[in-house]
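*Asks:* no FASTA, just this:
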C-alpha cells in the first residue's frame, strides 16, 4: 500500500522525467527533423537504455511542443503509412538554449550542495569532488558513425566514470575511517551515562 508521501514523490519524479524528456526531444530536433519513433529510438540509444520512452510519453510531449510553437510537424504523404516529422522552430531554439543553460546551473548548484554536505556533514576535506554530469551531453554530441569513433567515445566515458568511482571510493574510505574512530567514542559516552 502506497503512502501519500510515496505517491507524491512518484508524481514529482514523473513530472521531472517528463520535463527532462521535453529538453531531450528539443535537443534532438535541433539537430535534424525526426518522427516520433525515431525520437524514441534515439533517446533509448543515447541514454544507454536508461530512458525508454514510449509513444504514450513522446507524442503528448510533441503535441504540447507543437501547440507552444517550439516544434512544427509535417505529414509525410509519400510513405505507405502516414507519419509526422517534427522539427524545431526559430521560436524553439532560444527556449532550448535557455533550458540547457538552466540545467547547467542546476547541475552546478547540486554539485555545490554535494560539496557542502561532504564537508559540513561528513567532514570530508578532500577538494576532489566528482562533478554532477550534464544529463543532456549525450544528446548534444554528434552521433558517431565510424566504429573507431564510437570506441574512442566509449573509452573517454569509461575513463570519466572510473575517475568518478575512484574519487567516490577515496571519499568512502575517509568516511569509513572517521566512522571507525567515532564508534568507540560513542560507546564510551553511552556507557559513562549509565553509571
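*Replies:* That came in fine, so what should we check first? Here the structure is a predicted model, which means the values were calculated and not measured.

*Asks:* strands of the protein, start to end?
*Replies:* 34-35, 71-76, 83-88 (DSSP state E).

*Asks:* save those strands as JSON lines, and put in mean neighbour count, mean pLDDT and distance to residue 115 too.
*Replies:* Bear in mind the C-beta positions are built from the backbone N, C-alpha and C, glycine included. JSON lines is the format used below for the strands of the chain (neighbours: other C-beta atoms under 10 Å; pLDDT from 0 to 100; distance: least, C-beta to C-beta, whole Å):
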{"stretch": "strand 34-35", "mean neighbour count": "17", "mean pLDDT": "94", "distance to residue 115": "38"}
{"stretch": "strand 71-76", "mean neighbour count": "15", "mean pLDDT": "91", "distance to residue 115": "38"}
{"stretch": "strand 83-88", "mean neighbour count": "18", "mean pLDDT": "93", "distance to residue 115": "35"}
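
*Asks:* and residue 52, its phi and psi?
*Replies:* phi -130, psi 70 (degrees, to the nearest 10).

*Asks:* OK, contacts around residue 96?
*Replies:* Applying C-beta atoms under 8 Å, 6 or more residues apart in numbering, we find residue 96 in contact with 23, 26-27, 30, 70, 88.
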